[in-house]
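>>> take a look and give me a structure for this.
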Amino acid sequence: MPRTDTRFLIVIILMVPFCLLSQTIDYLSKGNDFYRQGDYANAINYYQKAIKNNENPALSWFNLGNAFYQKKNPQKTISCYEIALTEAPEFARCWVNLG
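Got it, this is the predicted structure:
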């Protein structure tokens, strides 16, 4: 019986990082869902959560910039794109959007 308990505990411990990872992935995905629905305020909220969780920072900053663009906030848009480029200088879509 104790051996089974130990195995169960090991499985649980190994699953925790994957559960945490799936939570952060949900922030970016939820942000994308809200963006597609035209709900840019909620998209911004979820992209900011994705950034705080360090989930694909370049893409999260880029998407946040796109949401600010839709909200007619050019200064925040440019700032987000520039931060995305510090994370991934080769991010072509950022360069294109910056003009």
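>>> what's the burial count for Ile83?
By the measure other C-beta atoms under 10 Å, the count of residues near Ile83 is 18. All C-beta atoms are positioned from the backbone trio N, CA, C, and that covers glycine.
>>> name the helix or strand for the nearest residue to it once chain neighbours are set aside, please.
Once flanking residues are discounted, Ile83 sits nearest to Trp61: 4.7 Å by C-beta to C-beta, 6 or more residues apart in numbering. Element membership of Trp61, judged by DSSP states H and E, is helix 57-70.
>>> give the buried residues for the helix or strand following that helix.
Sequence-wise, the next helix or strand downstream of helix 57-70 (DSSP H and E) is helix 74-87. Neighbour counts over helix 74-87 (16 or more other C-beta atoms under 10 Å) mark Thr77, Ile78, Cys80, Tyr81, Ile83, Ala84, Leu85, Glu87 as buried.
>>> could you dump those residues into CSV and include pLDDT and distance to Trp95?
Compiled in CSV, the buried residues of helix 74-87 are given as follows (pLDDT from 0 to 100; distance: C-beta to C-beta, whole Å):
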residue, pLDDT, distance to Trp95
Thr77, 98, 14
Ile78, 98, 12
Cys80, 98, 14
Tyr81, 98, 9
Ile83, 98, 14
Ala84, 97, 10
Leu85, 97, 7
Glu87, 96, 13
